[in-house]
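>>> okay, structure incoming, though there's no sequence with it:
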C-alpha cells in the first residue's frame with residue numbers, strides 16, 4: 001500500500017520539477033505591462049524649488065498644532081508666493097494630509113467647505129499660493145483624506161503683510 005503511493009508521489013514531483021519552470025517562464029512572458037501613471041495635480045507632486053527667497057517663518061499660525069509655516073518668494077516675481085510646511089515627525093501621524101486655502105473668515109465645522117482651494121500635500125517642498133491670497137485675508141486648513149477629517153485651521157492671515 002505504501003509503495004504505490006511513494007511511486008505516485010515520486011512521479012508527481014518529477015513532473016512538477018519539469019513543468020513548474022516552464023509555466024513560470026510562460027507566465028513572465030505573458031504578463032501584461034505595468035500601467036502608465038497619469039500626471040498628478042501640481043500640488044500633490046514634489047515640485048522643484050522655484051521659490052528660493054524666504055520671506056518669513058511662523059510657528060503660531062495653528063494654535064493647537066506644532067506646525068511651522070514658511071512663506072517663500074520667487075526672485076524674479078516678488079508677487080509670486082508659496083508656502084512650505086514642517087512639523088515634528090513623531091507628532092503628525094495623519095495619513096494623506098492636504099493643505100487648503102479659504103478666503104475670508106469662514107466658519108469651518110466638521111466638513112471641508114466646497115469653497116476650499118487645494119494647495120497640495122503637506123509634505124510638498126513648496127505650495128504655490130493663489131493670487132487672491134496676496135490681497136485677501138483667509139485661513140489655511142489641514143485636512144486628512146484618509147480619515148476624512150479636518151486636522152487644524154490656522155488663524156486668519158494675509159500673506160503680503162509683514163510678519164507681526
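On my side now, so go ahead. Please read all numbers here as calculations on a predicted model, not as lab measurements.

>>> residue contacts, the residue lying closest to residue 97 once chain neighbours are set aside?
If you skip the residues right next to it in sequence, residue 97 has residue 122 as its closest partner in space, 3.9 Å away by CB to CB, 6 or more residues apart in numbering. No exception for glycine: its C-beta is placed from N, CA and C like everyone else's. Taking CB atoms under 8 Å, 6 or more residues apart in numbering, we find residue 122 in contact with 85, 87, 92, 97, 98, 99, 142.

>>> roughly how far does residue 122 sit from residue 105?
23 Å (CB to CB, to the nearest Å).

>>> so where do the helices sit in the protein?
Assigned helices in the chain, in chain order: 2-30 (criterion: DSSP state H).

>>> in it, where is pLDDT below threshold?
37-49, 51, 78, 89-93, 161-164 (pLDDT under 70).

>>> give me the domain ranges for this protein.
Following automatic domain parsing, one finds the domains of the chain at 1-31, 53-153.

>>> buried deepest among these, which one?
When those are scored by mean count of other CB atoms under 10 Å, the highest mean neighbour count falls to domain 53-153 (a mean of 16).

>>> for it, measure first residue to last.
26 Å (CA to CA, to the nearest Å).

>>> could you do stretch 121-132 as well?
First-to-last residue span, stretch 121-132, CA to CA: 20 Å.

>>> contact partners for residue 54?
70, 71, 72, 73.

>>> okay, and the beta partners of the residue nearest to the spatial centre of the chain?
With distances taken as CA atoms, centre = their mean, residue 121 lies nearest the centre of the chain, 3.7 Å away. As for beta bridges, residue 121 partners with residue 98 under DSSP bridges.

>>> quick check: the closest residue to residue 88 other than its chain neighbours vs residue 59, distance?
Excluding the flanking residues, the one nearest residue 88 by CB to CB, 6+ apart is residue 66, at 6.0 Å. Look at residue 66 and residue 59: by CB to CB, they are 7 Å apart.

>>> before we move on, what about residue 52?
With CB to CB as the criterion, residue 52 and residue 59 are 21 Å apart.
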